[in-house]
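Engineer: Requesting a structural model of the entry that follows:
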Amino acid sequence: MPLPIEDYALVGDCQSAALVGRDGSVDWLCLPRFDSEACFAALLGTPQNGRWLIQPREEIREVTRRYRDETLILETTVRTDGGEATLVDFMPIRSDVPDLVRIVAGVRGRVRMRMELIIRHDTGAMFPWIQRVEDGIIAVAGADALHLQSGVELSGECDLAAEFDVKEGQRVPFVLTWYPSYRERPEAIDPEQALEENERWWRDWSSRCRCESRWRKAVVRSLITLKALTYSPSGGIAAAPTTSLPENLGGGRNWDYRYCWLRDATFTLCALMNAGYLDEAKAWRQWLLRAVAGDPRRVQPLYTLTGERQILEREAEWLPGYEESRPVRLGNGACRQRQLDIFGAVIDALYIARKHNLAGSDHAWSIQQALVEHLEEIWHEPDRGIWEMRGKSLNFTHSKVMAWVALDRAIKALEASGRKGPLARWKKLRRRIHEEVCQRAFDEELNSFTQAYEHREIDAATLLIPLVGFLPPDDSRVRGTIAAVEERLITKDGFIARYDTRSGVDGLPPGEGAFLMCTFWLADNYALGGREAEARELFERLLETANDVGLMAEEYDPHSGRFLGNFPQAFSHVSLVNTAGNLAAGGGGTQVRREP
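Structural biologist: Below you'll find the predicted structure:
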């Protein structure tokens, strides 16, 4: 059985990433990029679905982990009766092909170590052909080849093992390199030189962070995590490096998050730009413009890392799933859904970029205008909403609010730029949408905005109403909505659910954890509404959910203290950065996108 989700840590090279457990096992790694097939898939099955384990042969007395300060270099220190050793894991920033480097360093005494390498290409399904070479082995299956560079003697035919001693001051390196099987094997890297260069690269990157608040350490760790989830060749950001980690243990709420979502644009741009990372923000904006270019009627909620549209969803029937949570999904069928809020997300993102002096262009404006014109035709239609419901399409409140945001930001951009455009028509539609939402989405008896028109369910997405400037934070309807969320969606200790899954609105069996992003939104509302002490208390409680190396999943179960959902989750870390900025600015920071 795999470890609890919170017992994993991330290493990556800004194109792919590995999850390393507290037990020294790499249980998840997709190569050459986040959305490729995995060569280690034990996370969603058993060791026989692929893993790379390095740990003491003797009984382990204590395990501690940390990242080297302001880097993505993981150090796992193990203590045994015989001594102490540290396992150093990292992926060098890629120049050609990806490498995963593991160095066993002796700290004290002598420790007997064991290594187990089980490679299964095609996400746990394909046994490779193993060839021994002078410095290790090569494993080939189809187009994928892996070269293990090792100085210790390896035993085994397909599944490989080794035992070796490491004593104080000694270092035993391993390097695993992926390359296309039809190419020549690349030259092996020097692991110690790569470690030095990697540490320097990450510290240089982290030093650019402009955050000086009391939460700098957590903010920098979140920004490093976001950078690690960036696909550097395109500028896209994966929502998470994993698929099918369940939102409900043993259930079927298991989704593939190794793609780029348009709605992430606004939050991600806010987090990056306010922290001083304009190059990454520019790259993300360019990815955004490329992804949505073309026929606006074909804009979809998510794309691949490089902007491709076709993302087929299938089931990996050979994998039992994390803690028997089936099905394991590869690909995400939500790409074919209608989600109206993405229009607001895209246009708001471009508006924010201009406010941060990222120069616009005629091309960007043409795309924006085409999107607004298409939205004029479809805004009134039902959709699947921000939560990508797999049930019936509805007139979701958040979707309509974000349609208003699209019009509002387009109008402001038009007024600021002096460009020609249908200003009067857009203002009329903006007013119409606002009036309709206030009339049809607000329930007088509940004194709250509801999940959808003429529905009585409460939805945490309505917390965004004051954050995007649809209504001021002191509006009685906003205060009533916050109160309704507190009454109906708080699960325990202030953590809130997205909505009541027992309603059946999503077409799935009920049950999931508290959504960390939504709980950050509640803290933002507290800060914006002058409830600063409550905002800080809730934010501090959120920080305490991070695991021992500062990472967060999508969801959290406050009853069991366990993570749920894909991990680490970009949106959770984006929300942490943005809420820290709001609190540092006393609730009036630029992270909150409220317009005056």
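
Engineer: So I60 versus V111, what's the distance?
Structural biologist: Separation of I60 from V111 (CB to CB, to the nearest Å): 10 Å. (C-beta placed from N, C-alpha, C; glycine too.)

Engineer: Comparing these two, which residue is more hemmed in?
Structural biologist: Of the pair I60 and V111, V111 is the one with more neighbours under other CB atoms under 10 Å, namely 27 against 16.

Engineer: rewinding a little: what do I60 and V111 both touch?
Structural biologist: Common neighbours of I60 and V111 are listed as 78, 80 (criterion: CB atoms under 8 Å, 6 or more residues apart in numbering).

Engineer: residue contacts, L358?
Structural biologist: L358 is in contact with 273, 278, 281-282, 285, counting by CB under 8 Å, 6+ apart.

Engineer: Give the buried subset of these as a PyMOL selection command.
Structural biologist: Buried subset of these, written as a PyMOL selection, criterion 16 or more other CB atoms under 10 Å:
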select buried, resi 273+281+282+285
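
Engineer: Just the contacts of L358: which are in helices?
Structural biologist: Taking DSSP state H, the ones among these that sit in helices are 273, 278, 281-282, 285.

Engineer: For the residues you listed, give me TSV that also has pLDDT and distance to Q15.
Structural biologist: Formatted as TSV, the ones in helices among the contacts of L358 follow (pLDDT from 0 to 100; distance: CB to CB, whole Å):
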residue	pLDDT	distance to Q15
M273	88	23
L278	90	21
A281	87	19
K282	89	18
R285	87	20
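
Engineer: Let me see the ranges of the strands in the stretch 51-200 of the chain.
Structural biologist: For the stretch 51-200 of the chain, applying DSSP state E, counting those that start in this stretch gives strands covering 51-56, 60-67, 74-80, 83-90, 99-118, 129-133, 136-141, 144-150, 160-167, 171-180.

Engineer: Which residues does the third one contact?
Structural biologist: When contacts are defined by CB under 8 Å, 6+ apart, strand 74-80 is touched by residues 9-11, 20, 22, 24, 55-56, 58-68, 84-90, 107, 111, 549.

Engineer: Got the phi and psi for the closest residue to F127 other than its chain neighbours?
Structural biologist: Leaving aside its sequence neighbours, F127 sits nearest to C158 (CB to CB, 6 or more residues apart in numbering; 5.9 Å). The phi/psi pair for C158 (degrees, to the nearest 10) reads phi -110, psi -50.

Engineer: Kindly list the single helix or strand of the chain that scores lowest on mean pLDDT.
Structural biologist: The weakest-scoring helix or strand in the chain, judged by mean pLDDT, DSSP states H and E, is helix 264-274 (a mean of 85).

Engineer: helices or strands up against it?
Structural biologist: helix 216-228, helix 278-292, helix 341-355, helix 570-584 (3 or more CB pairs under 8 Å, 6 or more residues apart in numbering; DSSP states H and E).

Engineer: buried set for the first one?
Structural biologist: By neighbour count with 16+ other CB under 10 Å, helix 216-228 contains the buried residues 218-228.

Engineer: now this structure, which segments are flagged as low pLDDT?
Structural biologist: Residue ranges of the chain with pLDDT under 70: 586-596.

Engineer: Correct me if wrong: E554 contacts F515.
Structural biologist: Yes. With contacts counted by CB atoms under 8 Å, E554 reaches F515, the gap being 7.2 Å.

Engineer: Which residue comes closest to H559 once chain neighbours are left out?
Structural biologist: Using CB to CB, 6+ apart and skipping residues adjacent in sequence, the residue nearest H559 is K492, 6.1 Å away.

Engineer: Same check on V346?
Structural biologist: Residue nearest to V346 in three dimensions, not counting chain neighbours: L262, with 5.6 Å by CB to CB, 6+ apart.

Engineer: again, but for I342
Structural biologist: Among residues not flanking I342 along the chain, L262 sits closest, at 4.3 Å (CB to CB, 6+ apart).

Engineer: need the helices for the stretch 351-500 of the chain, in chain order.
Structural biologist: Ranges of helices in the stretch 351-500 of the chain, per DSSP state H, counting those that start in this stretch, are 362-378, 397-417, 423-440, 464-467, 476-488.

Engineer: quick check: angle from the second one to helix 362-378?
Structural biologist: For helix 397-417 against helix 362-378, the angle by axes from the mean of the first three to the mean of the last three CA atoms, to 10 degrees is 140 degrees.

Engineer: which helices and strands does helix 397-417 pack with?
Structural biologist: When contacts are defined as 3+ CB pairs under 8 Å, 6+ apart, helix 397-417 packs onto helix 341-355, helix 362-378, helix 423-440, helix 464-467.

Engineer: repeat that for 10 Å
Structural biologist: Using 3 or more CB pairs under 10 Å, 6 or more residues apart in numbering; DSSP states H and E, the elements in contact with helix 397-417 are helix 264-274, helix 341-355, helix 362-378, helix 423-440, strand 448-449, helix 464-467.

Engineer: Which positions within stretch 272-291 qualify as buried?
Structural biologist: Across stretch 272-291, burial judged by 16+ other CB under 10 Å covers 272-275, 277, 280-285, 287-291.
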